[in-house]
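Need coordinates for the below:
(2 chains)
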Amino acid sequence: MSEGARLWTGRAVLLAALLAIWQLGGTFVSERWISSPTAIVGRLADWLARDLFLHLGVTLAEIAAGLAIGVPLGILTGVTLGRLRNVSAVLRPFVVVMNSLPIVALAPLLIMWFGIGMLPKIVLVAFVSFLLLFFNTFAGARAVDEEQLDALTLMGASGVERFRKVVLPGCTAWIMAGLKNAVPYALIGAVIGEMMVSRAGLGHLVSRAGQQFDMTGIYAGLFVLMILGSVLNEAISLAERHLLRWRGPHGA
Amino acid sequence: MHMSGQTAFTGAAKTGPTLISLKDVVVDFATRDRVVRAVDGISLDMPEGGFTALVGPSGCGKSTVLNMVAGLLKPSAGSVTFEGRPVDGPNTRVGYMTQKDTLLPWRTVEDNVGIAFELRCRRSERGDKAARVAEMIERVGLKGFEKHFPSELSGGMRKRAALARMLIYKPSTLLLDEPFGALDAQLRLIMQKELLELVDASGMTVVLVTHDLEEAVSLADKVVVFTSRPGRIRAVRDIPIPRPRDPATLRFTDAFRDHCAALWDELRDEVAAAMATPHA
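Take a look at the predicted model:
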């Protein structure tokens, strides 16, 4: 058996054992508290036949809309302010203080401003991703290699050309680092917003089940969130590997 | 101090009109706690179409001179002129190869080499740009590596890619800072010969900074010896060896050895002085 096959066999055995213990545990502890894998699978099948995709779609739409606003704004602001030495010096303490704020704590404020629909969640996701992209791109723009800029200057490059050909691509690694943080934070922001008050979304599904003491519903909701988070993170890692393939095997 | 060794031979060196002129140039660098004088009163004329080599111990201000000609650094006192006009901003007439290669790591070799053609100021150039990129890559011996990223190349290959990127837009003047320092001895000779052929064919003006006396003598028609910091000019020697030259065989001639020996006499004290001072 190959190394990889052994590894995956081990993982499958561990997963089966854990599920078996969980399933059996229910008969000792009572399924009311810990539910059971079969009940969760049944609930997921039930949801699939009814409105799971509606809730999934709402959460995904909030994340997508928020990222679509926050990411480009964060990149543009970060790279512009990062290249303006004087402005960046003035802004530094503000940036540090904003960075220390747990952004999801803004959720109650945003709900009061924007109501209970999708809008406050979108704003929250946009805000979180804007800040994360801003901080990273800001640092990246300050770290751009001045000698690379000089080389382009001597070839006759204009300021705009230097920006597009050296500064922006030079920030790619930093932008990807920001995105890798922003995507899980976007999911957290959207779900927390939904759990506070909402009419739809995966966070709504989990908190509604909680209010009804529906353990199986909570676990089924968490399972969907786990899968969604894994898919989003894997997508970002794939994008990063493609965009940063020039870094070579040693990440130089 | 402006001595001129072997003035009897100057007739053999290229004597075009003065292209680059430094007059009483002083450069001070402010460090955290004091001001360091890097260059102390240099006056030097370089003719159009000439090949000038600057040699001296490390930290003597050779690279600083290139930065001023490129317009990336202003002298603290004195003047630097190019084509009779003061250099007061980035000098886009020069191609500059710095010690550290400045290839863009996210671009493949061919995208790095062709980057000049993407700039608005050079887009009007006629001819098949893709063909010129391919030809230049072949010329520096990187055929087959067009799609590679700089991180996948050796140090010497990166130098060659940087050379191709500079030569492709045919600047009238080349500023070269230790261009072949990272290459092995054989490759170095090949690249030196390639450079000489390109320069002789195009009539480019070259300013070469090197710590290697033999490289200076085999390539240049004027060698300038700098003192250790603060940099002044200790000696200027014309190298009237006729062109075309082949750096690989030139080194076995008597004339070559005599020039090296004479220059080493000047340089030896300065290297010793540089080693004796802590900041060199």
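
okay, now residue 122: neighbour count?
This is for chain A. A:Ile122 has 25 neighbouring residues, counting by other CB atoms under 10 Å in any protein chain shown. Heads up, the C-betas are built off the backbone N, CA and C, glycines and all.

Hmm, no, I was thinking of chain B.
17.

And for A:Glu147?
14.

Am I right that it is in contact with B:Thr102?
Yes - counting by CB atoms under 8 Å, A:Glu147 does reach B:Thr102; the two are 4.9 Å apart.

Quick check: next helix or strand after the longest helix along chain A?
Identified as the longest helix of chain A according to DSSP state H is helix A:52-83. Next helix or strand after helix A:52-83 toward the C-terminus (DSSP states H and E): helix A:85-100.

Find out how far that following helix is from the centre of the chain, if you would.
24 Å (CA atoms, centre = their mean, to the nearest Å).

and that helix, what does it pack onto?
Secondary-structure packing of helix A:85-100 (3 or more CB pairs under 8 Å, 6 or more residues apart in numbering or on different chains; DSSP states H and E): helix A:52-83, helix A:119-142.

which helices and strands sit right next to whatever helix or strand comes next after that helix?
Of the helices and strands lying after helix A:85-100 in sequence (DSSP H and E), the nearest is helix A:107-114. Applying 3+ CB pairs under 8 Å, 6+ apart, we find helix A:107-114 packed against helix A:119-142, helix A:172-196.

Keeping just the C-alphas, turn helix A:107-114 into PDB.
Extracted in PDB, the C-alpha atoms of helix A:107-114 (Å, rounded to 0.1, in the frame of the first residue of the first chain):
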ATOM      1  CA  ALA A 107     -22.800  43.900  14.300                       C
ATOM      2  CA  PRO A 108     -25.400  45.400  16.800                       C
ATOM      3  CA  LEU A 109     -24.600  48.900  15.500                       C
ATOM      4  CA  LEU A 110     -25.000  47.900  11.900                       C
ATOM      5  CA  ILE A 111     -28.300  46.100  12.600                       C
ATOM      6  CA  MET A 112     -29.700  49.200  14.100                       C
ATOM      7  CA  TRP A 113     -28.500  51.300  11.100                       C
ATOM      8  CA  PHE A 114     -29.400  48.900   8.300                       C
END
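
Smallest gap between chain B and chain A, at which residue?
Across chain B, no residue is closer to chain A than B:Ser151, which sits at 3.2 Å (CB to the nearest CB).

In contact with B:Met191, which residues?
With contact taken as CB atoms under 8 Å, 6 or more residues apart in numbering or on different chains, B:Met191 is in contact with B:Val140, B:Lys159, B:Arg160, B:Leu163, B:Pro179, B:Phe180, B:Leu183.

Neighbours of A:Gly156, how many?
Look at A:Gly156: counted by other CB under 10 Å, it has 17 neighbours.

Looks like it contacts B:Thr92 (just checking).
Yes - applying CB under 8 Å, one finds A:Gly156 in contact with B:Thr92, separated by 4.3 Å.

I'd like to know which of the helices and strands packed on helix A:107-114 is closest to B:Val109.
Taking CB to CB, helix A:172-196 is the member of the helices and strands packed on helix A:107-114 nearest to B:Val109, at 18.8 Å.

near chain B at all, the closest one?
Yes - using CB under 8 Å from any CB of the partner chain, a contact is recorded between helix A:172-196 and chain B, made by A:Thr172.

Out of the contacts of B:Met191, the closest to B:Leu267 would be?
Taking the contacts of B:Met191 together and measuring to B:Leu267 by CB to CB, the closest member is B:Phe180, at 18.9 Å.

Nearest residue to that closest one in space, please, no chain neighbours.
Closest residue to B:Phe180 apart from its sequence neighbours, by CB to CB, 6 or more residues apart in numbering or on different chains: B:Arg188 at 4.7 Å.

any low-confidence regions in chain B?
Across chain B, residues meeting the criterion (pLDDT under 70) sit at B:1-15, B:123-126, B:278-280.

Tell me where it has helices.
B:62-69, B:109-113, B:129-139, B:155-167, B:185-202, B:213-219, B:247-250, B:254-276.

Need these in JSON lines (columns: distance to A:Arg6).
Below are those laid out as JSON lines (distance: least, CB to CB, whole Å):
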{"stretch": "helix B:62-69", "distance to A:Arg6": "57"}
{"stretch": "helix B:109-113", "distance to A:Arg6": "41"}
{"stretch": "helix B:129-139", "distance to A:Arg6": "46"}
{"stretch": "helix B:155-167", "distance to A:Arg6": "41"}
{"stretch": "helix B:185-202", "distance to A:Arg6": "47"}
{"stretch": "helix B:213-219", "distance to A:Arg6": "58"}
{"stretch": "helix B:247-250", "distance to A:Arg6": "58"}
{"stretch": "helix B:254-276", "distance to A:Arg6": "60"}
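
what about stretch B:240-250, start to end distance?
Taking CA to CA, to the nearest Å, stretch B:240-250 runs 13 Å from one end to the other.

mind listing what's buried in that stretch?
Buried residues in stretch B:240-250, counted by 16 or more other CB atoms under 10 Å in any protein chain shown: B:Pro240, B:Ile241, B:Arg245, B:Pro247, B:Leu250.

Setting aside sequence neighbours, what's the nearest residue to the second one?
Taking CB to CB, 6+ apart as the measure, B:Ile241 lies nearest to B:Ala255, with 5.8 Å between them; neighbours along the chain are not counted.

just to revisit the earlier point, where's the residue nearest to B:Phe180 relative to A:Ala49, distance?
74 Å (CB to CB, to the nearest Å).

And those two? Which one has more around it.
Each of B:Arg188 and A:Ala49 has its neighbours counted (other CB under 10 Å); B:Arg188 has more, 19 against 8.

which parts of the stretch 1-150 of chain B sit against chain A?
Contact residues (CB under 8 Å from any CB) of the stretch 1-150 of chain B with chain A: B:70-72, B:90-92, B:94-96, B:98, B:100, B:102, B:104-107, B:115-116, B:118-122, B:149-150.

try 6 Å
Near chain A, the residues belonging to the stretch 1-150 of chain B are B:Ala70, B:Leu72, B:Pro90, B:Thr92, B:Tyr96, B:Thr102, B:Pro105, B:Trp106, B:Ala116, B:Leu119, B:Cys121, B:Phe149 when assessed by CB under 6 Å from any CB of the partner chain.

Quick one: mark the members of these that sit in strands.
If you go by DSSP state E, the residues of the stretch 1-150 of chain B next to chain A have B:Tyr96 in strands.

circling back to that earlier point, state the pair within the buried residues of stretch B:240-250 that is farthest apart.
Greatest spacing in those, by CB to CB: B:Pro240 and B:Pro247 (16.4 Å).

Appreciated, that's everything.
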